[in-house]
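Peer 1: the following comprises the amino acid sequence and a computationally predicted model.
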Amino acid sequence: MYDSRMTNRTFKSGDRRDQPSLLPARVEDYVDADNPVRAIDMFVDKLDLAKLGFRHAGPWGGGAGQPPYAPADLLKLYLYGYLNQVRSSRRLEREAQRNLELLWLLKGLKPGYRTIGNFRKDNWAALKAANRRFVLLARELKLVSGEVVAIDGAFFHGDASKASIKTRKKLTKQLAAIDEDIEAYCGALDANDAAEAKHPAAGDGPGGADRAGGDIGEKLAALMAKRAQAQADLAALEASGETQVSKTDPDARFLSKSGQSVAGYNVQIAVDDKHKLIVADEVVNDGNDTGQLYPMAKAAKEALAVETLQALADAGYYNSAALKSCEDDGIVAYVPPAKRTGRLKAQGRISHEEFSYDAAANAYRCPAGAFLEPTAGRKRNTGGRIEIRYVSRKAVCDACPLRQRCVTDKMPTRTIYRWEHEDVLERHRARMKGAAKLMRRRSGLAEHPFGTLKCRAGYRHFLVRGLDKVRGEWSLMALCYNLARVINILGIDGFLAKLTAWAPEQHTSPLKSALATATGAINALWQLVRARNAQNAVPSLA
């Protein structure tokens, strides 16, 4: 029932849509003074995008017969999108048409989704360079300590399914299953032929043996085609030397670690301990972290421009060659060694860890006190390490009370292999004895960016295909993470003040450089002409 009392109440009302306005609203009034889009705008305007390698998307980003969009505007659009969980080029196109903050940021420009998407794909290297430039800015603002970094990796889904990635094992298994099906269908065809020969009339009409044989023949042909495709994939895999082949994204790989398996990429980061900023990053398609310790630690050291650096990583990064490379390059690595003696200890047997090295005697001492002497020559193991063999004496082992726990009848002596740079590992083991606090610190540092990006922002997968393009998209994620962190640390006003005072490299285009050179030459020539005229001038009578 209509309530007459409602007519006496005054409500707020908006302006009429057809009401003309004498003065239009200022676009500048669309955003507050402390809006983060102002930080995006000022940061991008401070960059020399040409020097970083940015170029517009396509020959004519605005369409046929139109000038392209400036790289600065498209970079601002992407930074805004990734800061606000908007990554799709189509969604960015819609936001540019209706979002007041983007209307302010882009000054009313409305690029199409193809132009937006092509910019991300074509400028992957420049996006990495912009990410590195922000790290340099953080270093100049004293937001990184340059003393300790934590290294970690995480799997991100690629734009490919697990079924689209074939491994040698999967293809071999698929071929075996197809062969079994082919054998079964061949048996069914033989049985069908025998039944037709025995009862010719049974094959007449619909539903007879001839129709059944035709169905089986069609299925058999389909299986043969499927088998030929699997054989072709296996041959291509063998020829390439790779362990996997992907039909959708050629660079995506089936990665598995700790019960987690994805079809995608392994993202590596190095995080500074002061404000948990990402100072170095890389994307690889290798699921094993053992080869990533030194490259990531070296990249972090170069980005921070320091002489020495402490690098913390988990046990998955333990690698003796990487530890030596880190030590040679002034990087002090803290990585828990992998435990490989659990099975022996569970069996009550003596592991190699219970043998101690006597440097003065150049020999290993066993738990019973006997020495293992070095043998002549060196041995290169499967990992490429050159090792020295230390072997016990059979007579000593036969009389040892610990013999049953140490040697066997098949192997009556004990052998210990010592790496030629074992002193590196000994110094590392000594460091790790008091590194429990550092290891607890590592997890809080390295896992924070991944937790923020995956859980808060929802960035668990890549939208583009190909390793280079994926690296470019990850650079956008890492840059926006660092940008959000710095804004939270300094505040918008503080960050804008720092940006205002920041004086990066001067923007110098090739055209400006040429004009400056020409102007200098003209001025020099003009000075020369004036000097000659002065020499030839008639003296004044005055």
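Peer 2: All right, it came through fine. Numbering: from 1, shown residues only.

Peer 1: can you give me the pLDDT of residue 212?
Peer 2: pLDDT recorded at residue 212 is 54.

Peer 1: wait, doesn't residue 182 sit right on residue 227?
Peer 2: Yes - at 7.0 Å, residue 182 and residue 227 qualify as touching, with contact defined as CB atoms under 8 Å. C-betas here are computed from N, CA, C, even on glycine.

Peer 1: and residue 461, bridged to which residues?
Peer 2: Beta-bridge partners for residue 461, by DSSP bridges, are residue 157.

Peer 1: residues contacting it?
Peer 2: 156-159, 264 (CB atoms under 8 Å, 6 or more residues apart in numbering).

Peer 1: excluding chain neighbours, what is closest to residue 237?
Peer 2: residue 245 (4.9 Å; CB to CB, 6 or more residues apart in numbering).

Peer 1: likewise residue 480?
Peer 2: Nearest-residue entry for residue 480: residue 82, 4.3 Å, with adjacent residues in sequence omitted and distances by CB to CB, 6+ apart.

Peer 1: also residue 365?
Peer 2: The nearest residue in space to residue 365 (CB to CB, 6+ apart) is residue 356, at 5.2 Å.

Peer 1: and the one you found, how far is that from residue 454?
Peer 2: Noted for residue 356: a distance of 45 Å to residue 454, by CB to CB, to the nearest Å.

Peer 1: dihedrals phi and psi, residue 69?
Peer 2: Main-chain dihedrals, residue 69, degrees, to the nearest 10: phi -80, psi 150.

Peer 1: so what's the nearest residue to residue 484 once chain neighbours are set aside up against?
Peer 2: Nearest residue to residue 484, sequence neighbours excluded (CB to CB, 6+ apart): residue 83, at 6.3 Å. Shown in contact with residue 83 (CB under 8 Å, 6+ apart): 36, 40, 480, 483-484.

Peer 1: show me these that map onto helices.
Peer 2: Residues of the contacts of residue 83 located in helices (DSSP state H): 36, 40, 480, 483-484.

Peer 1: quick one, what contacts the most centrally placed residue in the chain?
Peer 2: Note on the chain: the residue nearest the mean C-alpha position is residue 283, at 2.3 Å, using CA atoms, centre = their mean. Residue 283 makes contact with 265-268, 467, 470-471, 474, according to CB under 8 Å, 6+ apart.

Peer 1: narrow the residues you listed to those in strands?
Peer 2: 265-268 (DSSP state E).

Peer 1: any stretches of this protein with poor pLDDT?
Peer 2: Along the chain, segments meeting pLDDT under 70 span 1-9, 23-24, 57-65, 189, 193, 199-217, 341-342, 505-542.

Peer 1: and the closest residue to residue 406 other than its chain neighbours, how close does it get to residue 414?
Peer 2: Among residues not flanking residue 406 along the chain, residue 350 sits closest, at 4.8 Å (CB to CB, 6+ apart). Noted for residue 350: a distance of 8 Å to residue 414, by CB to CB.

Peer 1: what's the overlap in contacts for the two?
Peer 2: Common neighbours of residue 350 and residue 414 (CB under 8 Å, 6+ apart) are 366, 406.

Peer 1: which of the two has more neighbours?
Peer 2: Shown here are residue 350 and residue 414; by other CB atoms under 10 Å, residue 414 has more neighbours (23 against 19).

Peer 1: residues contacting the more buried one?
Peer 2: Neighbours of residue 414 in contact, by CB under 8 Å, 6+ apart: 366, 372, 391-392, 397, 406-407.

Peer 1: try 7 Å
Peer 2: Counting by CB atoms under 7 Å, 6 or more residues apart in numbering, residue 414 touches 366, 372, 392, 397, 406-407.

Peer 1: so the residue nearest to residue 237 touches residue 166, yeah?
Peer 2: Yes - the pair residue 245 and residue 166 passes the contact test of CB atoms under 7 Å, sitting 5.1 Å apart.

Peer 1: what do these two both touch?
Peer 2: Joint contacts of residue 245 and residue 166 (CB under 7 Å, 6+ apart) are residue 233.

Peer 1: and the residue nearest to residue 237, how many neighbours?
Peer 2: With other CB under 10 Å as criterion, residue 245 counts 19.

Peer 1: shouldn't it be within a strand?
Peer 2: Yes - assessed with DSSP: H, G, I helix; E, B strand; the rest coil, residue 245 lies in a strand.

Peer 1: residue 156 versus that one, what's the distance?
Peer 2: 20 Å.

Peer 1: then residue 88?
Peer 2: 17 Å.

Peer 1: neighbour count winner among the two?
Peer 2: Higher neighbour count among residue 88 and residue 156: residue 156, with 22 against 14, using other CB under 10 Å.

Peer 1: hmm, the more buried one is touching residue 265, no?
Peer 2: Yes - using CB under 7 Å, residue 156 is in contact with residue 265, at 5.5 Å.

Peer 1: what is in contact with these two at once?
Peer 2: residue 462.

Peer 1: now name the helix or strand holding the residue nearest to residue 398 when sequence neighbours are not counted.
Peer 2: Closest residue to residue 398 apart from its sequence neighbours, by CB to CB, 6+ apart: residue 412 at 7.1 Å. When elements are assigned from DSSP states H and E, residue 412 belongs to no helix and no strand.

Peer 1: would you list every one of the strands in the stretch 251-400 of the chain?
Peer 2: 253-257, 260-272, 278-284, 309-312, 331-334, 356-358, 363-365, 371-374, 379-380, 386-391 (DSSP state E, counting those that start in this stretch).

Peer 1: ok so, going back, make TSV out of the contacts of residue 461 and add distance to residue 27.
Peer 2: TSV is the format used below for the contacts of residue 461 (distance: CB to CB, whole Å):
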residue	distance to residue 27
156	37
157	39
158	39
159	36
264	41
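
Peer 1: which one of these is nearest residue 438?
Peer 2: Of all the contacts of residue 461, residue 438 sits closest to residue 156, with 27.1 Å by CB to CB.

Peer 1: for the closest one, what are its contacts?
Peer 2: Contact partners of residue 156, counting by CB under 7 Å, 6+ apart, are 264-265, 267, 460-462.

Peer 1: at 10 Å instead, please
Peer 2: 255, 262, 264-267, 283, 450, 453-454, 459-462, 470, 473-474, 477 (CB atoms under 10 Å, 6 or more residues apart in numbering).

Peer 1: what's the local residue count around residue 296?
Peer 2: 25.

Peer 1: that one contacts residue 309, doesn't it?
Peer 2: No - using CB atoms under 10 Å as the test, residue 296 is too far from residue 309 to be in contact (11.1 Å).

Peer 1: which residues do the two both contact?
Peer 2: 149, 270.

Peer 1: mind listing residues that contact stretch 300-310?
Peer 2: By CB under 10 Å, 6+ apart, stretch 300-310 touches 132, 135-136, 138-139, 144-151, 269-273, 278-281, 297-298, 311, 326, 329-334, 431, 435, 438.

Peer 1: give me the number of residues near the nearest residue to residue 336 once chain neighbours are set aside?
Peer 2: Once flanking residues are discounted, residue 336 sits nearest to residue 315: 4.4 Å by CB to CB, 6+ apart. Neighbour count of residue 315, defined by other CB under 10 Å: 13.

Peer 1: didn't residue 315 look like it was pressed against residue 334?
Peer 2: No - the pair residue 315 / residue 334 is not scored as a contact, 11.1 Å apart, by CB under 10 Å.

Peer 1: check the contact lists of the two and give me the overlap.
Peer 2: residue 439.

Peer 1: pretty sure residue 380 is touching residue 387, no?
Peer 2: Yes - counting by CB under 10 Å, residue 380 touches residue 387, with 7.6 Å between them.

Peer 1: re earlier: quick check: bridge partners of the residue nearest to the centre of the chain?
Peer 2: Assessed by DSSP bridges, residue 283 has beta-bridge partners residue 267.

Peer 1: what sits against residue 326?
Peer 2: Counting by CB under 10 Å, 6+ apart, residue 326 has contacts 293-294, 297-298, 301, 309, 311, 319, 332-333, 335, 424, 428.
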